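Participant: need a structure here:
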Amino acid sequence: MNCKNILVICTGGTIGMVCDKLSGALRPASMHDFEHILPELSDTATTATVVAFQPLIDSANVSPSAWSRMANVIYKEYEKYDGFVLLHGTDTMAYSASALSFMLENLQKPVIFTGSQLPLGVRRTDARENILTALEIAAAEDAEGKAIVPEVCIFFENTLYRGNRTTKRNAEQFDAFRSFNFSPLAQAGVHITYYPHRVHYPDWSSPMRLRTRIDEHVAILKLFPGISPETVRAILGIAGLRGVVLESYGTGNAPTAQWFVDALKEAISKGIIIVNRTQCAQGAVEMGRYETSLPLLQAGVLSGYDITTEALVTKMMYLMGEHGNDNDTIKRLLQTNLCGEMTIS
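Facilitator: Predicted coordinates:
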């Protein structure tokens, strides 16, 4: 394999912290820290260049402007590097990976998000193996010299997931992420085993395109027993609201109370797009399977199938930013699998 050049983009989060020898406090890692702790960043097979956001962004503070910044760095450096590794805080990593899967249209190189539950400079850290394996995956090519996994992915604790299929599931264990509705793209053990039949491949004859226009006027309405008309109407009545992720029960079920159905109909009549997504970690919305989902279907609520909340929120923002007030196109594309984010039955 030819020597591969990988760009490591440190955006912030636990993985980018080291312990200061004098104060004992955690501080952002420098390039010197990375080279000292991870001398493997430069070897005969892979050369890694590390760049860092200034200032670093805590995962909880990540916003659509940060997604655009990440995507723009990759686009600017796209021709110089064979793959990209993004070091990111775990709390919102699935949102960022989902957003970039839409922003980097027809991506032909690996973009691998990774992070850690313990800081890079801590003795028992999981950061070291996560970074080194993410680098190897970002550099992996097939017999034709093409990237084995030309997708936006998350690598964490020996498993490579499609980014827009992934959710953080654990705040304490090293296996923090899970893809409940789509099998992993690779497993890392003594060897890295890839599953190419699961990979979403690009059109190799067309270029990668950058799409960073975002409309943030999206809300999540999560149902719970006893939810009041005032709560529902307050969310649906947010000024400028354009899209709503309706987190329903089971296979897409919701209250059949007339006030609830009327509130949805009124919002939809005003041009607000509502997409039904199950609260369950695993499974899909099946509109009309039960009587309690029929009123949603009749009101004009769209099915989110088996998409994650993270992917649905970012997809809505992306489509509304790209297509403006063309609701017909937005609705059609929300029901279309663009880059492997959902399975349409």
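Participant: When you work out contacts or count neighbours from here on, use the C-alpha atoms and nothing else.
Facilitator: Noted.
Participant: residue ranges for the helices of the stretch 1-150 of the chain, please.
Facilitator: With helices called from DSSP state H, counting those that start in this stretch, the stretch 1-150 of the chain shows them at 31-37, 64-76, 93-103, 127-139.
Participant: Nearest to R332, out of those helices?
Facilitator: helix 93-103 (15.5 Å; Cα to Cα).
Participant: if I pick the residue lying closest to N164 once chain neighbours are set aside, what's in contact with it?
Facilitator: In space, and not counting its chain neighbours, N164 is closest to S98: 4.1 Å by Cα to Cα, 6 or more residues apart in numbering. S98 makes contacts with V152, G163, N164, R165, E310, A311, T314, K315, as judged by Cα atoms under 8 Å, 6 or more residues apart in numbering.
Participant: again with I6
Facilitator: By Cα under 8 Å, 6+ apart, the contact set of I6 is T46, T47, A48, T49, Y81, D82, G83, F84, V85, L135, A138, A139.
Participant: Redo the helices of the stretch 1-150 of the chain as CSV? Include mean pLDDT and distance to R198.
Facilitator: Below are those laid out as CSV (pLDDT from 0 to 100; distance: least, Cα to Cα, whole Å):
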stretch, mean pLDDT, distance to R198
helix 31-37, 67, 33
helix 64-76, 98, 24
helix 93-103, 98, 16
helix 127-139, 93, 15
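Participant: Which one (most neighbours) among the contacts of S98?
Facilitator: N164 (33 neighbours; other Cα atoms under 10 Å).
Participant: Please look at that one and A97 and confirm they touch.
Facilitator: Yes: between N164 and A97 there is a contact at 6.2 Å, judged by Cα atoms under 8 Å.
Participant: In CSV, list the C-alpha atoms belonging to stretch 322-340.
Facilitator: Extracted C-alpha coordinates of stretch 322-340, given in CSV (Å, rounded to 0.1, in the frame of the first residue of the first chain):
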residue,chain,number,x,y,z
GLU,A,322,-30.7,23.7,0.6
HIS,A,323,-34.2,23.9,-0.8
GLY,A,324,-35.7,27.0,0.9
ASN,A,325,-39.4,27.1,0.8
ASP,A,326,-39.9,24.3,-1.7
ASN,A,327,-41.8,22.1,0.8
ASP,A,328,-42.8,19.6,-1.9
THR,A,329,-39.1,18.8,-2.7
ILE,A,330,-38.2,18.7,1.0
LYS,A,331,-41.0,16.3,1.8
ARG,A,332,-40.0,14.1,-1.1
LEU,A,333,-36.4,14.0,0.0
LEU,A,334,-37.3,13.4,3.6
GLN,A,335,-38.9,10.2,2.3
THR,A,336,-35.8,9.3,0.2
ASN,A,337,-32.7,7.4,1.4
LEU,A,338,-30.0,9.9,0.4
CYS,A,339,-26.8,8.4,1.9
GLY,A,340,-27.8,5.3,3.8
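Participant: buried ones in that stretch?
Facilitator: E322, N327, I330, K331, L334, Q335, C339, G340 (16 or more other Cα atoms under 10 Å).
Participant: Which ones among these map onto helices?
Facilitator: E322, N327, I330, K331, L334 (DSSP state H).
Participant: And those, which is closest to I57?
Facilitator: E322 (25.6 Å).
Participant: so what's the closest residue to that closest one other than its chain neighbours up against?
Facilitator: If the residues on either side of it in the chain are set aside, E322 comes closest to R213, at 5.7 Å by Cα to Cα, 6+ apart. Taking Cα under 8 Å, 6+ apart, we find R213 in contact with Y318, G321, E322.
Participant: again, but for A176
Facilitator: By Cα under 8 Å, 6+ apart, A176 lies in contact with Q117, F156, E157, K168, R169, N170.
Participant: Of the residues you listed, which is the most crowded?
Facilitator: With neighbours taken as other Cα under 10 Å, the top of the contacts of A176 is F156, carrying 29 neighbours.
Participant: quick one: terminal-to-terminal distance for stretch 283-291?
Facilitator: Stretch 283-291 has an end-to-end distance of 18 Å (Cα to Cα, to the nearest Å).
Participant: got a list of contacts for that stretch?
Facilitator: Stretch 283-291 is contacted by residues 180-181, 250-253, 276-278, 293-294, 296-297, 303-307 when judged by Cα under 8 Å, 6+ apart.
Participant: Give me the buried subset of these.
Facilitator: 180-181, 250-253, 276-278, 293-294, 296, 303-307.
Participant: Those in strands, which ones?
Facilitator: When DSSP state E is applied, those are split such that N276, R277, T278, S303 fall in strands.
Participant: Distance check, the first one against Y305.
Facilitator: Applying Cα to Cα, the value for N276 to Y305 is 8 Å.
Participant: Export the helices of the stretch 1-150 of the chain to CSV and append columns for distance to S206.
Facilitator: Output for these, formatted as CSV (distance: least, Cα to Cα, whole Å):
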stretch, distance to S206
helix 31-37, 35
helix 64-76, 15
helix 93-103, 16
helix 127-139, 21
